[in-house]
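Q: can't give you the sequence, but here's the structure:
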């Protein structure tokens, strides 16, 4: 979307901050935590006690050869990733990993631990207050693998287990996978004794994690190819809908695609028989038949991960934020949308991540710039 007034159906705009482009936003209590896309900007902590006037309380910087675009918080513990920044043109080798902060004083985050994993570092992760389910790239591996960390003592994280696709551990003598780094762990998410985990152009897995030290794959699904975009997030709905267990899978609109069309979209998958997952519907926003435009991505990225009912807000890059009703999982319905104004100095909006709270507020970040707070009021 070119610069201009926001497009809106069903949302009320509450507040905005002009912040650097961001990859993720999480909210806990009266604070929002934002991980930025490009150095020197690392993590920003924002006071949102008054959502109409969000206020920056602290910011962490990052080295020029890294980016720190993901963040998770539980109580007074904050985790941020350190990952190799692809735009760096210098000679210094990055040291990637996962940093742990004590944020009991939000204005003065204090580093208490660093889990170093090598040059490529950490990508995405989730954190339940005890365990971190992440996607590092340890030395000797090609592409991210899945790792579970125990943060019972946040200052001394311990590796519980790791899992990878055969062919990723080349330092261990495994024959290389023919798809190389396109086979990599992306986004692990836990529900009960299951871990739902995307693996980029290798599809996604469901793991049995009743024994955290030995994750066991239950099923693997891969639809790329024939579909051109990689799997980004597997979001399990924590209740049955019409007697069926539902998994919402987001493919991601990216340049690393197998064909120029179609744009990435949202899948609804029936996992009632979890060894036989069955796609039963898709949701696609308008304009999704256009060829990929590297100057303005237009396609699915990431749904809200906080599930309170059968409505999901989904970021759609140039399509902004889309509100999707999955009460009828065989026929998802768009209820509304919000396409924000582009960030300061930018020509297009590229909505990247959203966090939903129980009070009906939605915290939206743009990968090029801008942080908006919205309220869903219905169409």
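A: Structure received. Note that the structure is predicted; figures quoted are calculated from it, not measured. Numbers count the residues shown, from 1 in each chain.
Q: can you map out the strands along the stretch 1-150 of the chain?
A: 7-9, 11-20, 22-28, 31-36, 41-47, 55-61, 66-67, 71-74, 77-84, 96-102, 110-118, 121-127, 131-137, 146-150 (DSSP state E, counting those that start in this stretch).
Q: Of all the ones you listed, which one is nearest residue 263?
A: strand 7-9 (17.8 Å; CB to CB). Every residue, glycine included, has its C-beta placed from N, CA and C.
Q: Show me what the closest one packs onto, helices and strands only.
A: Secondary-structure packing of strand 7-9 (3 or more CB pairs under 8 Å, 6 or more residues apart in numbering; DSSP states H and E): strand 333-339.
Q: Tell me what angle the strand it packs on forms with strand 11-20.
A: 40 degrees (axes from the mean of the first three to the mean of the last three CA atoms, to 10 degrees).
Q: ok, residue 241 - contacts?
A: By CB atoms under 8 Å, 6 or more residues apart in numbering, the residues touching residue 241 are 310, 326-327, 329.
Q: Check residue 18 too.
A: 343-344, 369-371.
Q: For it, give me the pLDDT.
A: pLDDT recorded at residue 18 is 97.
Q: And it, how close does it get to residue 56?
A: 10 Å (CB to CB, to the nearest Å).
Q: pretty sure residue 136 is in contact with residue 124, am I right?
A: No: Residue 136 lies out of contact with residue 124 (CB atoms under 8 Å); the separation is 10.2 Å.
Q: Have a look at those two and say which one is more surrounded.
A: Ranked by neighbour count (other CB atoms under 10 Å), residue 136 and residue 124 place residue 136 first, with 27 against 24.
Q: The more buried one: what's it in contact with?
A: Residue 136 touches 96-98, 115, 117, 120-123, 144-145, 147, counting by CB under 8 Å, 6+ apart.
Q: re earlier: determine which of the strands of the stretch 1-150 of the chain approaches residue 304 most closely.
A: Among these, the nearest to residue 304 by CB to CB is strand 22-28 (10.5 Å).
Q: and that closest one, what does it pack onto?
A: With 3+ CB pairs under 8 Å, 6+ apart as the test, strand 22-28 has strand 31-36, strand 71-74, strand 351-356, strand 361-366 packed against it.
Q: Ok, which of those comes nearest residue 336?
A: Using CB to CB, the helices and strands packed on strand 22-28 put strand 361-366 closest to residue 336, at 11.0 Å.
Q: Starting from the closest one, tell me which strands it pairs with and how they run.
A: strand 351-356 (antiparallel), strand 369-376 (antiparallel) (DSSP bridges).
Q: Including distance to residue 82, could those go into a markdown table?
A: Converted to a markdown table, those look like this (distance: least, CB to CB, whole Å):
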| stretch | distance to residue 82 |
| --- | --- |
| strand 351-356 | 18 |
| strand 369-376 | 22 |
